[in-house]
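Asker: This is a predicted model, with the sequence first.
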Amino acid sequence: MEILSVAKALALLDLLAFADLEEKGMPLSELSRRTGEKPTTLHNILRTMIRWGYAEQDGQSRYH
């Protein structure tokens, strides 16, 4: 049995850790395009990841 919210969070973590090799960060629109998830869904997941220290958002609205 797969827990979808956990799978979505792990997919985001993979993108942020391994797809952003230049460490420039990715805007929400790019993360949405790459995952196929709605921006609102991703925003909620990212907000939780930021709170727990797994992601951060810079001043240009890019996620790292």
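Answerer: That came through, no problem. Bear in mind the structure is a predicted one, so any value in this text is a computation, not a measurement.
Asker: which SS state does the spatially most central residue of the chain fall under?
Answerer: Most central in the chain under C-alpha atoms, centre = their mean is Leu12, positioned 3.9 Å from the mean C-alpha point. The assignment at Leu12 comes out as helix when based on DSSP: H, G, I helix; E, B strand; the rest coil.
Asker: Now do the closest residue to Thr35 other than its chain neighbours: how many residues are near it, please.
Answerer: Nearest residue to Thr35 in three dimensions, chain neighbours excluded: Ala11, at 5.7 Å (C-beta to C-beta, 6 or more residues apart in numbering). For glycine as for every other residue, the C-beta is placed from the backbone atoms N, C-alpha and C. If you count neighbours by other C-beta atoms under 10 Å, Ala11 ends up with 17.
Asker: show me where the protein has strands.
Answerer: In the chain, the segments counted as strands under DSSP state E are 26-27, 62-63.
Asker: For the longest helix seen in the chain, give the mean pLDDT please.
Answerer: Criterion DSSP state H: the longest helix present in the chain is helix 39-51. The pLDDT scores in helix 39-51 average 96.
Asker: Give me the contact list for it.
Answerer: Residues outside helix 39-51 that contact it (C-beta atoms under 8 Å, 6 or more residues apart in numbering) are 5, 8-9, 12-13, 28-29, 31-32, 35, 55-57, 63.
Asker: Using TSV, lay out those together with pLDDT.
Answerer: What follows is the contacts of helix 39-51, written out as TSV (pLDDT from 0 to 100):
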residue	pLDDT
Ser5	92
Lys8	94
Ala9	95
Leu12	93
Leu13	94
Leu28	96
Ser29	95
Leu31	95
Ser32	96
Thr35	92
Ala55	95
Glu56	94
Gln57	95
Tyr63	96
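Asker: Mind checking which of the residues you listed are buried?
Answerer: The neighbour count (16 or more other C-beta atoms under 10 Å) marks 8-9, 12, 28, 31-32, 35, 55, 57, 63 as buried among the contacts of helix 39-51.
Asker: Sort out for me which of those are in helices.
Answerer: 8-9, 12, 28, 31-32, 35.
Asker: quick one: which of the buried ones among the contacts of helix 39-51 is nearest to Asp20?
Answerer: Tyr63 (8.7 Å; C-beta to C-beta).
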